[in-house]
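J.: need a 3D model of the following:
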Amino acid sequence: MAKNATGKIVAKVCDGGRGKAFTPKDFLTLTSHETARQALARLAKEGTIRRVMRGVYDYPRYSSFLNAPSPADPDAIAHAIARNHGWSIVPTGDTALNLLGVSTHVPAQWVYLSDGPAKQYEWEGGKITFKHRTNKETSRLSPKTALVVQALKRLGKERVDESVVHALRSKLDGKDRARAAREARYATSWVYEVIRQLAEGKAPDA
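T.: Numbering: from 1, shown residues only. Reported below is the predicted structural model:
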């Protein structure tokens, strides 16, 4: 049974693609938590997957430049932790800017708003901080809309120019932009105005 479960876990990991992170709870539709935990530990020992931190693993990408596995994806780790605990999370601050490609700056710590408790996790490649969510602007928003709202708030009205809008357009398709315009009506007025202009294909007002 355990051997069969391991095969199913490997298949699901491969189907998810490289760069994804996961915990034993991601495989509860296939087997028990304990069997999944043992299977993941064994696969990590064999080198099929990588143990990132206690209870969290990833299926690493390979870097031809480094001639070695690429560093773990912090955003994938954060979402794996959130799924494990049943939290809803939203990237905020410099994390949101990086994920949207508005900034190439790599955050010293990856910060997320969460409906769970305030927690911090560290692994060899960095630090993830979850802040308990109190911001109404992240509720009832789709993940992409919430990400855009947080990125704009981090920048501030004065720093939003055509280059920022261009970067956002490259990350959001027409459906994403239209949905953001519908969902963000209750955000701070200037944030909503930028999102509305983004959806309409206009440059931000001077």
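
J.: what sits against the residue nearest the centre of the chain?
T.: In the chain, the residue lying closest to the centroid (C-alpha atoms, centre = their mean) is residue 75, at 3.7 Å. By C-beta atoms under 8 Å, 6 or more residues apart in numbering, residue 75 lies in contact with 91, 95, 99, 110. For the C-beta atoms, the positions are set from N, CA and C on the backbone; glycine is no exception.

J.: mind giving me a markdown table with those and columns for pLDDT?
T.: Output for the contacts of residue 75, formatted as a markdown table (pLDDT from 0 to 100):
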| residue | pLDDT |
| --- | --- |
| 91 | 95 |
| 95 | 96 |
| 99 | 94 |
| 110 | 97 |
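
J.: distance to residue 178, neighbour count and secondary structure added to the residues you listed, as a markdown table?
T.: A markdown table is the format used below for the contacts of residue 75 (distance: C-beta to C-beta, whole Å; neighbours: other C-beta atoms under 10 Å; DSSP: H, G, I helix; E, B strand; the rest coil):
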| residue | distance to residue 178 | neighbour count | secondary structure |
| --- | --- | --- | --- |
| 91 | 21 | 26 | strand |
| 95 | 25 | 27 | helix |
| 99 | 21 | 18 | helix |
| 110 | 29 | 24 | strand |
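
J.: name the nearest of those residues relative to residue 56.
T.: residue 110 (13.6 Å; C-beta to C-beta).

J.: bridging residues for the closest one?
T.: residue 128 (DSSP bridges).

J.: what sits against it?
T.: Per C-beta under 8 Å, 6+ apart, neighbours of residue 110: 74, 75, 78, 91, 95, 126, 127, 128, 129.

J.: ok, 7 Å please
T.: 74, 75, 78, 95, 126, 128 (C-beta atoms under 7 Å, 6 or more residues apart in numbering).

J.: the fourth one and residue 113 touch, don't they?
T.: No - when contacts are counted by C-beta atoms under 7 Å, residue 95 is not listed as touching residue 113 (10.0 Å).

J.: against residue 76, how distant is residue 188?
T.: As judged by C-beta to C-beta, to the nearest Å, residue 188 and residue 76 stand 30 Å apart.

J.: so between these two, which is more surrounded?
T.: Higher neighbour count among residue 188 and residue 76: residue 76, with 18 against 14, using other C-beta atoms under 10 Å.

J.: all set now, cheers.
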